[in-house]
Structures are given as C-alpha cells and as structure tokens.
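J.: Give me coordinates for this.
(2 chains)
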Amino acid sequence: MLEIDGITKYLGKRKLIHNLSFCAQRQECIGLFGESGAGKTTLLNLIAGLSTPSGGRISVAGFNAQTHPYQVREAVGYQLQGDLNHHRMSVKSVLNFIAAVRGFSGAEKRERINKAATRLELFPVMDAPLAVLPMPWKRKVAIAQAVLHTPHLLLLDEPTEGMSPEQLLQFKMLIKSLSDEMTIMIASRRYDELSTLCTRALVMADGQLVADTPLPELQRNSRHYHAVTLAAQTPLDLLALAVLPGVAGIEEDQHAPGTVTVLALPGQTIYPHINALIASRGWHITSLSLEQGRLNDVVHHLSQEVRP
Amino acid sequence: MKQIPVIFMHQLTRYGCSPSTYLSAAVFLVLCATLGLHVGQWLERDSSDLQVFFQLHPWLYLILTPALSIQLWSDEHDAGFHTLLKTLPITPFECVFGKFLAAWFVCGIVLMLMFPIVLIANHLGAADNSVIRSQFLSSWLLAGSYLSAACFICTLVRQQVVIFLLTLGLLLSVSGIYSVIEALEHQMPIWVIDSLISLDPLSRFDTIDNGKLTLSDSLFFISMILAFVSASTVTLTYKSR
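T.: Got it, this is the predicted structure:
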C-alpha cells in the first residue's frame, strides 16, 4: 500500500528527513511518533505529494509519488495539522467542493457527504461558516474531507489536538471503523492517547526513523511497563510496597499527593502481590491501575539517543 | 482536464456570493449606458451599431477586470484552505484555466446585460445585428485577454491591493500603447511602429468593433489568452515544487 525507500529531504542545506525507509500494508493503523521538529509533518507532506523528496522513492497504491503525483493524491486523504479555514464557505460547501474534486456527483456525492458528516457528527454545523467554528470542529471537518472518498491511505496530522475526552472517544471509534477499509497513519505527540488505536509505531527523531515496531513492543521498552499506579486517601506504607517480590522501585506523584507508581522488574508481574498487600493491610484505595507502559518516556528516550 | 468544470463552478459560486462582483458589474453597465447615451449621443447619431458604447469598453474594463481578478485567488488567502487545495488531485492548468473561464464567463454575462440597448437599437429600426454581434465578440475577447493577464499577475503576488494596482497599471499601459505609437511615429523605423501596432490589442479591438471580424484578430486575442494562461500554469507549477 505504502512503500518508502530511502527518502531524504533537504531544506537548503538542512536535512529534514534522512534516508528513511518503511512499508505499510492495508488495514494497518500506524502511529507516527516523535517530538516537535522530528520530521513527522515533513514526512506526511512528502507522502501526500505536498513536497517532493530530494532523494529516494515513495509509492502509494502502486503509484510513484514523483512520476504520478495526481494518482497518489487521489489515493490519499490528508488531514493537515493547521486549522482548515475559509472566510466565506460553509462546512457543507467545503465538503461539496471536495466531493466534486474527488469525482463524485449527484446521489453518490450526497451519500458520501452524508456518510462523512454522520461519521464525524457534523450535522449541527453543516450550514455554519467554517471561519466561525472552534478549532475542534474545524479539525473534524478536516478529517471529514480526508475520509470522504474512502482513500487507500489516510494521513492524520495531530488529529486529537484540542479534543475533549468525549470527542477523543468518538475519534477512536471512528479510526477503529476506518481501519477496516484503509491504511491509516497518525502523526501525534499525544502518544498514549493512540496506544489503544495503533498496531504499529514509527518513532522519528531528528529526521531519522529510530524505531519501527509493533506498539506493544514499544510499550514494553517503557520502565512503567506493568507498573501499578495506586492512589489512597491515607498515607501508604511505601516500605511494604518496595519489598514486594519483583518491585524495581516506587515513584511518588508530585502533582497528586497520595498517588504512587510501583515499578516492576523486567519480566515480573507485581499486580497480584500489590492486590494481596492492599487486602491484608485494609488500605482504602481510590484508584488502582496496571500500566501498559508510558510511550512519552520511550519516545523521549529514543529522541535523546540520536540527538548530537 | 476533468477538474476544470469543478473549479469553474466553484469559482463561479464564489463570484455569485461576492457583493463586489455585482457592484463592479453595475458600475460597468451604468457607466457604459450613461457615457454612451449622453457623451456619445447615440440617440442623436441615428447609428446602426453600438460603437459609441463598445469604444468605451477598453476603459471600462479598467474597473471590471481588476475587480474580478482580485477574487480569482481569494481562496488562497485562507492559509489552511490553500494548503488543502495542494493535497487534492488538481493540476495547476486545471486550476488556472477553470478560474479564468469562470471570470471570463462573468464578463460574458455582464456584456449580455447590455441587451436592452440592443433591443432599443432594433426597436428604432436601423440596427445592423451582424456588426453588433461582432462588437460583442470583440469586447468579450478583449475582456478575456485582459483577464488572462490579470490571472498571471495573481499567480505572482498574493496581496489583493497589489494585484488590483498591478492589473490596473498593466491595462492602463496597454490602453496607452496607441499614444506611444503616435508619439514615436516619426522617430522610430517603420518596422518598429508596425510591430507595435500589431501587438496593440486596442487597434485589433477597433477593427473587430467596426464589424471586420477577421481570423487573425480573433487568433491574436486567443493566443494572448493561451500565452498568459500558460505563463500562469508554469508559475504555479514552479511555485508548488
């Protein structure tokens, strides 16, 4: 579906992307992670044909992006990072225009627009001018226009920025339903929000691909993998927690007093021991969760490794 | 080429939604009618054509053409929408030609709104409709060549005020070529004068306006349109790299 072979991108003498290669298959949902300035948006722009690589080859749905840029643009749906804005057009007229450009007309066009509007729950704002909508709604319109033609490859750049928890839940449901139909690539700095969505993670740092791995593997590299976070109203006996078998250490949350994270040694499971300790001591625990690993830490660590 | 109708309709809708389109069209028509009737004294002349009206068009297009051209790329002023357009399967030629055709079509509609004068001419009995048809065509061709030049300016600069002033300046220069030719008539070799005359759109406009519709004059305007549309396409292609 998507093949990237040794692409490099220069801006003047500055190297934005450095010899990057990977492939993506149909129905994959890929998280493109990396800190600010890592080259995520540059990579998406190159795939979408917004800019051309200085070297290497990009192929989408069998079309070379350099030799067949318009076929590639037909195969790709792209939600850009910045706000989608227009000083006069309404949401409906934007979707109408995009549908017409994508080659739909008549009943099929109406059906496509209705489907996209239903998926993104845009009906309350269909007649509203795009310019007056708040940022999360504009983002929804941007996603709607990207999925309208059921592309082979959907590129989303920071789609969850500014979303409320309810909107985030809806977004996750949308991506899950879309991942059956297309390849999805989501660039984001809010990695943990996407941990339940993506099957594979690409980590970029300084224009290089520093990790290409299944998402659970990436989570496993976190020191918080299989850690247990618990919060209590009364002070906890940290010594008792520390001496439990398989415990690597304890972290106290500076921002939430009474909340501690108990880290596990690699390959060890500490959750049952902590549960047993809570029961035996009779602690009033307000929350208890088993962590799958903090992607922020892993991505930050990987980024530090390549930094000169 | 399949996106040309989409861009054409989109641009036409944008013109339809913009009050400045109606305002510039109204100013064009009112000035044309007023100046033709009062300054040109068309009724007193008992003329069989509408030359007194059409001879004003090169000057009146100085109002209409910049007003239409500043709207040609108004979508591109919204940064997000401009970038979105780049992600769509639209070639620079489709974009330029679709937008140009819409602006030219609007010019055509404005010219059609001169129909009451044609009706009056026919009612008075002395109308030569073949000459009038030729006058309409020459005016429309001139408008097309002016709009294509304005379209090219729009691909070079983004600020609406600059586009307006540059278009106005260019059209004023074109309108002033004849005066330059007259001033240089005795100072320059005859072949230079002839070349300048052949490049002057207004002299060709006058020829068609007088009812002499020749292929060479029509092709001059069409080639001018194609040249500017091509230049705009090349500029956009270069900019998108």
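J.: What mean pLDDT does stretch B:14-24 get?
T.: On average, the pLDDT along stretch B:14-24 is 90.
J.: what does stretch A:279-293 give?
T.: 84.
J.: Identify the residues contacting that stretch?
T.: Residues from elsewhere that reach stretch A:279-293 (Cβ atoms under 8 Å, 6 or more residues apart in numbering or on different chains): A:195, A:216, A:218-222, A:224-234, A:236-237, A:240, A:258-259, A:261, A:271, A:274-275, A:278. Heads up, the C-betas are built off the backbone N, CA and C, glycines and all.
J.: And that stretch, what's buried?
T.: Neighbour counts over stretch A:279-293 (16 or more other Cβ atoms under 10 Å in any protein chain shown) mark A:283, A:291-293 as buried.
J.: and what of stretch B:125-140?
T.: Buried, per 16+ other Cβ under 10 Å, within stretch B:125-140: B:127, B:131-132, B:134-140.
J.: What's the local residue count around whatever residue of the stretch 201-308 of chain A ends up closest to chain B?
T.: Residue of the stretch 201-308 of chain A nearest chain B, by Cβ to the nearest Cβ: residue A:207 (20.2 Å). Residue A:207 is flanked by 23 other residues according to other Cβ atoms under 10 Å in any protein chain shown.
J.: Surely it touches residue A:38?
T.: Yes. The pair residue A:207 / residue A:38 is scored as a contact, 7.3 Å apart, by Cβ atoms under 8 Å.
J.: residue boundaries of the helices in the stretch 201-308 of chain A?
T.: A:215-220, A:238-242, A:271-281, A:295-306 (DSSP state H, counting those that start in this stretch).
J.: returning to that earlier point: output the buried residues of stretch A:279-293 in JSON lines, with distance to residue A:173 appended to each entry.
T.: Formatted as JSON lines, the buried residues of stretch A:279-293 follow (distance: Cβ to Cβ, whole Å):
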{"residue": "A:283", "distance to residue A:173": "36"}
{"residue": "A:291", "distance to residue A:173": "23"}
{"residue": "A:292", "distance to residue A:173": "20"}
{"residue": "A:293", "distance to residue A:173": "23"}
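J.: Show me these that map onto strands.
T.: A:291-292 (DSSP state E).
J.: Which pLDDT does the model give residue A:84?
T.: Taking residue A:84 on its own, its pLDDT is 82.
J.: what's the neighbour count on it?
T.: Neighbours around residue A:84, by other Cβ under 10 Å: 27.
J.: Could you do residue B:223 as well?
T.: Quick note: residue B:223 (other Cβ under 10 Å) scores 11 neighbours.
J.: and residue A:135, which of the helices of the stretch 201-308 of chain A is closest to it?
T.: helix A:295-306 (22.9 Å; Cβ to Cβ).
J.: The closest one - contacts with which helices or strands?
T.: strand A:200-205, strand A:208-214, helix A:215-220 (3 or more Cβ pairs under 8 Å, 6 or more residues apart in numbering or on different chains; DSSP states H and E).
J.: now the residue positioned nearest the centre of chain B, nearest residue through space, not along the chain?
T.: By Cα atoms, centre = their mean, chain B has its centre lying nearest to residue B:143, at 1.8 Å. Excluding the flanking residues, the one nearest residue B:143 by Cβ to Cβ, 6 or more residues apart in numbering or on different chains is residue B:107, at 4.1 Å.
J.: From residue B:16, how far off is the one you found?
T.: 14 Å (Cβ to Cβ, to the nearest Å).
J.: same thing with residue B:176?
T.: Residue B:176 is 34 Å from residue B:16, by Cβ to Cβ.
J.: What of residue A:213?
T.: Distance, residue A:213 to residue B:16, by Cβ to Cβ: 53 Å.
J.: neighbour-wise, which of those two wins?
T.: Per other Cβ under 10 Å, whichever of residue A:213 and residue B:16 has more neighbours is residue A:213, with 15 against 11.
J.: Show the pLDDT at the closest residue to the more buried one other than its chain neighbours.
T.: Distances taken as Cβ to Cβ, 6+ apart place residue A:201 nearest to residue A:213, at 5.9 Å, with adjacent residues excluded. On the pLDDT scale, residue A:201 is placed at 89.
J.: what does residue A:37 give?
T.: 84.
J.: Counting neighbours, what do you get for residue A:148?
T.: Counted with other Cβ under 10 Å, residue A:148 comes out at 23.
J.: For it, list the residues it contacts.
T.: With Cβ under 8 Å, 6+ apart, residue A:148 has these contacts: A:77, A:95, A:98-99, A:102, A:112-113, A:115-116.
J.: that older thread, where does the residue nearest to residue B:143 sit, in terms of helix or strand?
T.: Applying DSSP states H and E as the criterion places residue B:107 in helix B:92-112.
J.: CA atoms only: put that helix into CSV for me.
T.: Taking C-alpha atoms only, helix B:92-112 is exported to CSV below (Å, rounded to 0.1, in the frame of the first residue of the first chain):
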residue,chain,number,x,y,z
PRO,B,92,-2.1,23.9,-12.0
PHE,B,93,-3.5,24.1,-15.5
GLU,B,94,-6.9,22.9,-14.4
CYS,B,95,-6.8,25.4,-11.5
VAL,B,96,-5.8,28.4,-13.7
PHE,B,97,-8.0,27.6,-16.6
GLY,B,98,-11.1,26.8,-14.5
LYS,B,99,-10.7,30.1,-12.6
PHE,B,100,-10.0,32.1,-15.8
LEU,B,101,-13.1,30.6,-17.6
ALA,B,102,-15.3,31.5,-14.6
ALA,B,103,-14.1,35.1,-14.7
TRP,B,104,-14.5,35.3,-18.4
PHE,B,105,-18.0,33.8,-18.2
VAL,B,106,-18.9,36.5,-15.6
CYS,B,107,-17.6,39.1,-18.1
GLY,B,108,-19.8,37.5,-20.8
ILE,B,109,-22.9,37.7,-18.5
VAL,B,110,-22.1,41.4,-17.8
LEU,B,111,-21.9,42.0,-21.6
MET,B,112,-25.2,40.1,-22.1
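J.: and the contacts of stretch A:279-293 near chain B, which?
T.: Contacts with chain B are made by none of the contacts of stretch A:279-293, judged by Cβ under 8 Å from any Cβ of the partner chain.
J.: Narrow these to those that are buried.
T.: A:195, A:218-219, A:221-222, A:224-232, A:236, A:259, A:261, A:271, A:274, A:278.
J.: quick check, the helix or strand where residue B:162 lies touching chain A?
T.: In the assignment (DSSP H and E), residue B:162 maps to helix B:160-184. No. Remark: helix B:160-184 sits outside contact range of chain A, by Cβ under 8 Å from any Cβ, the gap being at least 12.0 Å.
J.: What is that helix packed up against?
T.: helix B:57-72, helix B:129-156, helix B:190-199, helix B:201-209.
J.: by how many degrees do the second one and helix B:57-72 diverge?
T.: It stands for helix B:129-156. Relative orientation of helix B:129-156 and helix B:57-72, computed by axes from the mean of the first three to the mean of the last three Cα atoms, to 10 degrees: 40 degrees.
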